[in-house]
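Peer 1: got a structure for you, letters missing:
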């Protein structure tokens, strides 16, 4: 996060890489690339090398996974862990906050 005076700080994720969900003190990312606010306190994050769409709840300080498989990359449509991505990169959310569009680098 960058604040107005110019300070940069890590909000979530350890220095080690991985796809661990949980409290911000223990959560890991493979390569968090893009973020989009779905709601004021709810962020969607593309995790390129983790091949997942991750969530960050700013109210509870918890990272989760909303889509993508722990079984690796691929090109499979589906809900939640059934869906597979191959390098999710960009993310945008519609103005009604009901739909997210994801682009893939390798897909």
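Peer 2: On my side now, so go ahead. Everything numeric in this text was worked out from a predicted model, so none of it was measured.
Peer 1: Which residue ranges of the protein form strands?
Peer 2: Using DSSP state E, the strands of the chain run over 22-23, 32-39, 42-47, 52-57, 62-67, 88-93, 100-104.
Peer 1: Can I get those strands in JSON lines including mean pLDDT, mean neighbour count and distance to residue 81?
Peer 2: Yep, even glycine has a C-beta here, placed from its N, CA and C like the rest. Shown next, in JSON lines, are the strands of the chain (pLDDT from 0 to 100; neighbours: other Cβ atoms under 10 Å; distance: least, Cβ to Cβ, whole Å):
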{"stretch": "strand 22-23", "mean pLDDT": "94", "mean neighbour count": "12", "distance to residue 81": "16"}
{"stretch": "strand 32-39", "mean pLDDT": "91", "mean neighbour count": "16", "distance to residue 81": "19"}
{"stretch": "strand 42-47", "mean pLDDT": "94", "mean neighbour count": "22", "distance to residue 81": "14"}
{"stretch": "strand 52-57", "mean pLDDT": "94", "mean neighbour count": "22", "distance to residue 81": "9"}
{"stretch": "strand 62-67", "mean pLDDT": "95", "mean neighbour count": "19", "distance to residue 81": "7"}
{"stretch": "strand 88-93", "mean pLDDT": "96", "mean neighbour count": "17", "distance to residue 81": "14"}
{"stretch": "strand 100-104", "mean pLDDT": "94", "mean neighbour count": "15", "distance to residue 81": "15"}
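Peer 1: So for residue 78, which of those sits nearest?
Peer 2: Nearest to residue 78 among those is strand 62-67; the distance by Cβ to Cβ comes to 8.2 Å.
Peer 1: burial of the nearest residue to residue 40 once chain neighbours are set aside, as a residue count?
Peer 2: Nearest residue to residue 40, sequence neighbours excluded (Cβ to Cβ, 6 or more residues apart in numbering): residue 58, at 7.9 Å. Using other Cβ atoms under 10 Å, the number of residues around residue 58 comes to 15.
Peer 1: ok, residue 58 touching residue 38?
Peer 2: No: counting by Cβ atoms under 8 Å, residue 58 does not reach residue 38; the two are 11.0 Å apart.
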